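> return atomic coordinates for the entry below.
(chains A and B)
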Amino acid sequence: MQGKENRIIVEHVYKTFNVYLDKANSIKEKLLFWKRNRKETREVLKDINLTIKNGEAVALIGVNGSGKSTLLKLMTKIIYPNKGKIVTNGKLTSLLELGAGFHPDFSGRENIYFNASIFGLTRKEIDKRLDQIIEFSELGSYIDNPVRTYSSGMYMRLAFSVAINVDAEILLVDEILSVGDQHFQEKCINKMKELKKEGKTMVFVTHSLESARELCDRAVWLNKGIIQMDGDTNEVIDEYIKQTT
Amino acid sequence: MSIFKRLYQYRELLKTSIKKDIGGKYKNSFLGVIWSFINPLLQICVYAIVFPLIMRNNIENYTVFMVCGLIPWTYFASVINRSANVMIENGNIIKKVYFPREILPISLVTSETITFLISTVIIIGFVLITGVGISTLILFYPLLLLAQYIILIGISLIVSCVTVYFRDLQHFIGVFLQLLFYGTPIVYSIDTIPERFRWILNINPMTHIIEGYRDIFYYQQMPNMKSIFVIIAIGILVVLIGYAIFNKLQKRFAEEL
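All right, here's what the predicted structure looks like:
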């Protein structure tokens, strides 16, 4: 029964951004240079309709500027559509940019608490996952050092470990499968596969077509703000490669 | 209703950001938390020397009189000042992760409230040292604090989201607060103001709150309950309006920051 549930419903969504060519930031500037306030509206998404069912792993592909990341941000409610409606059912985690809210002066362990609380976890839930997160990050005894002493790889590993262990029903992932070294990348992909098996719903924005083929059973190709093609991963990617090269 | 559910779900975030706010403020300073005493004490020293010199008054125990107004005022002013910055400071997180944005102003007001609770020790210290003493009227203190807290939540919601769109407001707020400092009976008493100007003080909610604190600590008389409840009612109204504005404006935070 659960399998038929729709996790994400996107209905007739439009999104435009105002691009200020020369923004007047203060009232003084607004009064003096009111003519200067030229702005351009850029239509990033046009009439997007998309339904993602429970347990699906969907890849969003397309060239730069096609609106993939915007669509993902709309799903997480960081930004809101100008027209249309987006409904999500279930606990949602976004891995848009890792390590948001990390405080460099606090230790890795303290930052786990802070980062996980941004994802809406309670103290008890974090306590329960703490060992699992530390183990996954492979930071060992470094976990009690301040985060500013970490290498960028360690930083990303910690951030990824928190995000992946939040236990959300929906995971939104933006181009982060390039975390850490080969070994950790494989570990991440394996973890993703495991989560998929558990029936989590996932949406990936990726340029790595290989990992899309490996992980996703459906691909959506966005081109200039509209859905060009939607269907089986391999078919969509083959067509995408044919048209863009 | 959903707002309370959301806040409850994100209670850990609320707790950690309050903790980070209080703990982080003095993290790298040698004297640490002691600064939350030294700062207001130095300010009190300056005012206690300057104002009796430039303004003649016959207020008994002038320092205590002034402290009862100054400490709550500092709480009020620093909440508003910091609210103007809170979204811009946290722009990085706002752009990257979803969480209920109202957590930011609420945790700011709450952590400032805790700082105020700590600095209330200064008021109590002064009334004890100068022999004014403490009475059971102190039981009204939580009620006054509640009134001030509610109204500050409302103001903070409005200020924090409007400054995202009008950065100039930050500067206006500085000037406005300076003006309001003299429009509130902090360093002078209400009866020194000519009758025809008193309405200015009366429409200022901080007048009634400070008079309330003064009643329980300095005059040691029953505070004016009617005006406290009017302030609470106004506070609730400001919170409702503030939340409506906040909800509307927060949708484009990530794009404006």
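
> wait, residue B:107 touches residue B:17, no?
Yes. Contact criterion C-beta atoms under 8 Å: residue B:107 and residue B:17 qualify, at 4.3 Å. Any C-beta I mention is one placed from the backbone N, CA and C, and that applies to glycine too.

> who has more neighbours out of those two?
residue B:17 (25 against 21; other C-beta atoms under 10 Å in any protein chain shown).

> tell me the helices and strands packed up against the helix or strand hosting the more buried one.
Assigned by DSSP states H and E, residue B:17 belongs to helix B:11-25. Secondary-structure packing of helix B:11-25 (3 or more C-beta pairs under 8 Å, 6 or more residues apart in numbering or on different chains; DSSP states H and E): helix A:108-118, helix A:123-137, helix B:103-129.

> least reliable of those helices by average pLDDT, please.
Lowest mean pLDDT within the helices and strands packed on helix B:11-25: helix A:108-118, at a mean of 87.

> the one helix or strand residue B:147 maps to vs chain A: in contact?
Counting by DSSP H and E, the element that carries residue B:147 is helix B:141-165. No. Taking C-beta under 8 Å from any C-beta of the partner chain as the criterion, helix B:141-165 and chain A are apart, separated by no less than 10.5 Å.

> what about that helix, distance to the chain center?
Relative to the mean C-alpha coordinate of its chain, helix B:141-165 is positioned 8 Å out (C-alpha atoms, centre = their mean, to the nearest Å).

> got the buried residues for it?
B:141, B:143-145, B:147-164 (16 or more other C-beta atoms under 10 Å in any protein chain shown).

> over to stretch A:110-120?
Buried, per 16+ other C-beta under 10 Å, within stretch A:110-120: A:110-120.

> tell me which two in these are the farthest apart.
Pairwise distances among the buried residues of stretch A:110-120 were taken by C-beta to C-beta; the largest, 18.1 Å, belongs to A:110 and A:120.

> tell me the contacts of the residue nearest the centre of chain B?
Nearest residue to the geometric centre of chain B (C-alpha atoms, centre = their mean): residue B:76, 2.0 Å. Residues counted as contacts of residue B:76 (C-beta atoms under 8 Å, 6 or more residues apart in numbering or on different chains) are B:148, B:152, B:206, B:209.

> for the chain, give me the ranges with low pLDDT.
All of this is about chain A. A:1-4, A:21-38, A:99-101, A:176-180 (pLDDT under 70).

> not what I meant, chain B
For chain B (pLDDT under 70), the answer is B:1, B:24-32.

> please repeat the previous calculation with a cut-off of 80.
Applying pLDDT under 80 to chain B picks out residues B:1-2, B:23-36, B:56-58, B:257.

> where exactly do the helices run in it?
B:2-9, B:11-25, B:35-54, B:62-89, B:91-96, B:103-129, B:141-165, B:169-182, B:198-202, B:205-214, B:225-249, B:253-256 (DSSP state H).

> need those helices in TSV (columns: distance to residue A:137).
Listed next are the helices of chain B as TSV, based on distance: least, C-beta to C-beta, whole Å:
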stretch	distance to residue A:137
helix B:2-9	25
helix B:11-25	19
helix B:35-54	36
helix B:62-89	28
helix B:91-96	20
helix B:103-129	26
helix B:141-165	34
helix B:169-182	39
helix B:198-202	58
helix B:205-214	49
helix B:225-249	36
helix B:253-256	28
